[in-house]
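**Student:** Curious how this folds, go ahead:
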Amino acid sequence: MIAVDASVLIPWLDLQDLPETRRLSELAQSGDGVLAAVTITEMLSDPKGTDSLDAALVAFPVLPIGDGYWERAGVLRAQVRKAGSKAALGDTLVAQACIDNNVALLTRDCDFGAFARLGGLKLA
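**Tutor:** Predicted coordinates:
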């Protein structure tokens, strides 16, 4: 299983031909792609929207959120910020969901590198 970040999902829905969107197409076909719950919120909150968004959201299962998730996410965010790196709340929540479920993240957002270095996030 590989989780997909909005930074890959958006260009995939826009039919952009990028290495990451080609990988996402493979994940969609194999059934190995998943989404963090916050990624769904990010996608649905985009005022531009997209006609293919509903189909994409149905195509990918959502990672479960376990007990203590919110606390672990807060500690992770503090750790990344203390190290002087950027730690947007949405990115933190995606990273923690991936860490908790032991899945790698497919992303085009270099800010996730700090979560990999400091929190054990696996990048695809």
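**Student:** For stretch 32-43, buried residues please.
**Tutor:** Neighbour counts over stretch 32-43 (16 or more other C-beta atoms under 10 Å) mark 33, 34, 35, 36, 38, 39, 40, 42, 43 as buried. C-beta coordinates here come from the backbone N, C-alpha and C atoms, glycine included.
**Student:** Which of those fall within helices?
**Tutor:** Counted as lying in helices by DSSP state H, out of the buried residues of stretch 32-43, are 38, 39, 40, 42, 43.
**Student:** Nearest to residue 54 among those?
**Tutor:** The nearest member of these to residue 54, counting by C-beta to C-beta, is residue 43 at 10.1 Å.
**Student:** Quick check: pLDDT value at the closest one.
**Tutor:** Looking at residue 43, its pLDDT is 87.
**Student:** Contact partners for it?
**Tutor:** Residue 43 makes contacts with 6, 9, 10, 53, 56, 57, as judged by C-beta atoms under 8 Å, 6 or more residues apart in numbering.
**Student:** pLDDT score assigned to the second one?
**Tutor:** Translated: residue 9. 92.
**Student:** where's residue 110, which helix or strand?
**Tutor:** Following DSSP states H and E, there is no helix or strand that holds residue 110.
**Student:** What's the separation between it and residue 32?
**Tutor:** 24 Å (C-beta to C-beta, to the nearest Å).
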